[in-house]
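J.: Coordinates only, no sequence provided:
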């Protein structure tokens, strides 16, 4: 799931109907897809690790006036659990950096399709790491999603699979969703005391330290981020609309429908991504995309509907 599928408040929201909540979640997934399209569109002119770095710097700056009081009042909690926040920040910010980096090598359609398998992979890792019990149909769903994922990455070519000649960009997307999945699992370890946005601020703050060496490396070895008005506008859009706004929408939607119903809406990611990529980037969709997506979407439904 995209870097903004983050903190889920389980208290019901009394002012949002079920239909409105579903619409809000659908819009959230659209915003995530727009983020992918933007990154793919600018990857030739703006280095994407640098874009990720400044995206989150701007997000921190925007959040600061609204959360500073809560953060200062809970410095003892933050200090006591800084390792947890740092780990969560590394997985979250690192997942975003990996996802954007993948767009240097693969298409936005591929990235959105592969990314859609995250709910199933999260369930698999939760079973492995947290020893959560799954139903038989959920194991089948995980297998279906992984089969669809491999089918798309191998482009339905058995020789590619046997020779392990995968597109490096697709493999980086897999690493990104594994990072996001580890982040989702780690949410259980976050201490109580901070609400959603102060927690996001602290996670991003610590996450920037893990990303900083890679940003410096990209600046020295590849190219620096061009500090132009265009770059600033792109980073600001990603920070405010694709990151902070999508988080607010996601949280409000999940409060009403629950996290497992909301996870089904990740299936919209390849739909939005494909339509936007074909419309604005001129990308093409192939039969292996469709077949793989069917297996992934079927797998997600089996995993989340039987939770």
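T.: Arrived safely, thanks for sending. All values derive from a computational prediction rather than experimental measurement. Numbers count the residues shown, from 1 in each chain.
J.: Any regions of the stretch 201-307 of the chain where pLDDT drops low?
T.: 260, 306-307 (pLDDT under 70).
J.: my guess is residue 39 meets residue 50, correct?
T.: No. Checked against Cβ atoms under 8 Å, the pair residue 39 and residue 50 is beyond contact range at 11.5 Å. Just so you know, the C-beta spots here come from the backbone N, C-alpha and C atoms, and that holds for glycine as well.
J.: ok, which stretches of the stretch 1-150 of the chain are helices?
T.: 18-42, 48-73, 75-80, 82-102, 108-115, 118-130, 136-153 (DSSP state H, counting those that start in this stretch).
J.: right, so those: which one is the most enclosed?
T.: helix 108-115 (a mean of 28; mean count of other Cβ atoms under 10 Å).
J.: what secondary structure does residue 224 sit in?
T.: coil (DSSP: H, G, I helix; E, B strand; the rest coil).
J.: now the most far-flung residue of the chain relative to its centre: how far from residue 223?
T.: For the chain, the C-alpha farthest from the mean C-alpha position belongs to residue 159; by Cα atoms, centre = their mean, that distance is 30.4 Å. To residue 223, residue 159 is 35 Å away according to Cβ to Cβ, to the nearest Å.
J.: Run a quick neighbour tally on the spatially closest residue to residue 91 that is not a sequence neighbour.
T.: Excluding the flanking residues, the one nearest residue 91 by Cβ to Cβ, 6 or more residues apart in numbering is residue 183, at 3.8 Å. As a burial measure, residue 183 scores 25 neighbours (other Cβ atoms under 10 Å).
J.: OK, contacts around residue 183?
T.: Contacts here follow Cβ atoms under 8 Å, 6 or more residues apart in numbering; on that basis residue 183 touches 6, 88, 91-92, 95.
J.: redo that, cut-off 6 Å
T.: Applying Cβ atoms under 6 Å, 6 or more residues apart in numbering to residue 183 gives the contacts 88, 91-92.
J.: What are the contacting residues of stretch 94-102?
T.: 3, 39, 48-49, 52, 111, 169, 172-173, 175-176, 179-180, 211.
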